[in-house]
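1. please work out how this folds:
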Amino acid sequence: MPGMTVRSPSEKLMIVLRRFYGRFSLVSLAVLAACSTPVKKPEPTPPPPLVETVRPRPPMGAVEDMSIPEMADGKYLTPNRKVTSNTALWHVRMALNVAALSCRSTADLARLQYNRLLHLHGTVLTQANEAVDRNYKVAYGTAGFGARERLNTTVYNFFSLPPVTKSFCPVAEAVGAKLLAMPSSALLDYAPTALAELEKPFQDFYAAYADYLRRLAEWQSRFGGTVTVWASPAPLPPPPVPPGEAPPQGYVQRLPTTPVTPPAAPPAVAPTLPKANVPRLMVQPLPSTTE
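-> You can find the predicted model right below:
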C-alpha cells in the first residue's frame with residue numbers, strides 16, 4: 001500500500017525480539033525490586049509491667065503491731081492446750097458465752113443456743129465446774145482460786161479477739177447445735193473435739209498474720225531504704241497451763257494388797273561334835289519321912 005513502510009523479515013524479527021526482551025526486563029526489574037525490599041524490623045519488646053510497691057496489710061482488719069503466740073508441735077500456743085475433759089467442757093462453755101455476747105444475727109442464734117445449753121446440760125456443766133475447782137485446789141491449795149481466775153480471763157480474751165469474730169461466729173453456732181442435739185452423758189467425750197473446732201478460726205488467723213509478717217519483712221528488705229521500717233512485734237508469752245485431773249472428793253488411795261509369805265523356818269542346826277557315850281543318870285525317889 002502507498003505510504004506504508006515495507007520491512008524485511010529480518011527487521012520484523014528484530015522488532016519482535018526487542019518487544020520480548022523489553023517486557024522480560026520489566027518483569028525482571030519488578031522481581032528484583034520485590035527481592036530488594038527491606039525486611040520489616042520486629043516491634044521492640046514492651047517493658048515489664050510495673051509492680052506496685054504496696055505495703056502488705058494485716059489480715060482481717062487486724063492492727064499492724066499485733067503480737068501472736070509462738071508455735072509448739074505445729075500449733076500456736078493457746079490457753080486451751082493440755083486440758084482435761086472437764087476443763088475442755090468448761091472452756092467450750094466460755095467460748096459459747098463469748099459467742100452469745102459477740103455474734104449478732106437476725107435470729108440471735110448464738111444467744112438462744114447458749115441459754116438453751118445452760119438449761120439442758122446444766123447438771124453436767126456444774127459437775128465439770130466443780131471438777132475444775134477441785135483440780136486447782138489440789139494443785140495450788142489456797143492460791144487455786146486466783147490461778148483459775150487468771151486462766152479464765154485469758155480464755156475469755158482469747159475468744160474475744162475482734163479480727164476473728166466474723167469467722168468464729170458460724171463455728172460457734174455449729175458447735176452449739178451439736179451440743180444441743182446430744183445427751184448430757186456425751187458432752188465430756190465431745191468436749192476436746194468441740195474445743196478444737198472453736199479454736200480453729202484463731203489458729204487460722206495466727207497463721208495468716210504470720211504470713212503477713214513474712215511478706216512485710218520481704219517488702220521492708222526491698223524498699224526499706226526509702227520507707228519507714230517497722231520491726232516485727234515480740235511474740236505473746238505462753239498462756240498458763242491448767243492443772244491435770246484431780247481425784248474425786250472423798251477418794252482415798254489404797255495401797256495394793258499382796259499376799260504376805262511367812263518367812264521360812266531356819267534350817268536345823270547340825271551337830272558339830274560326835275555323840276559321846278555318857279552314862280544316863282537315874283532319878284531316885286526321895287525317902288519317905290514317915291515311919
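2. every contact and neighbour count from this point should use C-alpha atoms.
-> Will do.
3. longest helix in the protein, by residue count?
-> Secondary structure of the chain per DSSP state H: the longest helix is helix 187-223.
4. now do that one, average pLDDT.
-> Helix 187-223 shows a mean pLDDT of 95 in the predicted model.
5. buried residues, that helix. List them.
-> Along helix 187-223, the positions that meet the burial threshold by neighbour count (16 or more other CA atoms under 10 Å) are 187-188, 190-195, 197-199, 201-203, 205-207, 209-210, 212-213, 216-217, 219-220.
6. which neighbouring elements make contact with it?
-> Applying 3 or more CA pairs under 8 Å, 6 or more residues apart in numbering; DSSP states H and E, one finds that helix 187-223 makes contact with strand 75-76, helix 85-102, helix 165-180.
7. ok, now with 10 Å
-> With contacts defined as 3 or more CA pairs under 10 Å, 6 or more residues apart in numbering; DSSP states H and E, the packing partners of helix 187-223 are strand 75-76, helix 85-102, helix 122-140, helix 144-159, helix 165-180.
8. next, the angle from that helix to helix 165-180.
-> Compare the direction of helix 187-223 with that of helix 165-180 by axes from the mean of the first three to the mean of the last three CA atoms, to 10 degrees and you get 170 degrees.
9. burial of the spatially closest residue to residue 246 that is not a sequence neighbour, as a residue count?
-> The shortest distance from residue 246 to any non-neighbouring residue, by CA to CA, 6 or more residues apart in numbering, is to residue 135 (4.9 Å). As a burial measure, the neighbour count of residue 135 was computed by other CA atoms under 10 Å and equals 24.
10. what angle sits between the longest helix of the chain and helix 144-159?
-> 60 degrees.
11. which residues touch stretch 141-155?
-> Residues lying outside stretch 141-155 but in contact with it, judged by CA atoms under 10 Å, 6 or more residues apart in numbering, are 78-80, 90-92, 94-95, 98, 132-140, 157-158, 160, 239-243.
12. among the residues you listed, name the buried ones.
-> Members of the contacts of stretch 141-155 that pass the buried threshold by neighbour count (16+ other CA under 10 Å) are listed as 78-80, 90-92, 94-95, 98, 132-139, 158, 160, 239-240, 242-243.
13. for the residue nearest to residue 79 when sequence neighbours are not counted, helix, strand, or coil?
-> Nearest non-adjacent residue to residue 79, counting by CA to CA, 6+ apart: residue 239, 5.4 Å away. Residue 239 falls in the coil class when you classify it by DSSP: H, G, I helix; E, B strand; the rest coil.
14. let me see the confidence value for residue 239.
-> So, for residue 239, pLDDT stands at 86.
15. so who does the nearest residue to residue 177 once chain neighbours are set aside touch?
-> Distances taken as CA to CA, 6+ apart put residue 113 closest to residue 177, at 7.2 Å, once the chain neighbours are dropped. Residues touching residue 113, when contacts are defined by CA under 10 Å, 6+ apart, comprise 96-97, 99-100, 119, 172-173, 175-177, 179-180.
16. so which of those residues wins on neighbours?
-> That'd be residue 172 among those, by other CA under 10 Å, with 29 neighbours.
17. check what pLDDT that one gets.
-> The model reports residue 172 with a pLDDT of 98.
18. shouldn't it be in contact with residue 92?
-> Yes: judged on CA atoms under 10 Å, residue 172 makes contact with residue 92 at a distance of 9.3 Å.
19. what touches both of these two?
-> Taking CA under 10 Å, 6+ apart as the contact rule, residue 172 and residue 92 both touch 98, 194-195, 197-199.
20. wait, a strand at residue 45?
-> No: Residue 45: not assigned to a strand; according to three-state DSSP it is coil.
21. out of the helices and strands packed on helix 187-223, which is closest to residue 47?
-> Shortest separation from residue 47 across the helices and strands packed on helix 187-223 is recorded for helix 165-180, at 42.1 Å, computed as CA to CA.
22. packing partners for that closest one?
-> In this structure, helix 165-180 packs against helix 85-102, helix 109-120, helix 187-223, with contacts taken as 3+ CA pairs under 10 Å, 6+ apart.
23. noted, bye for now.
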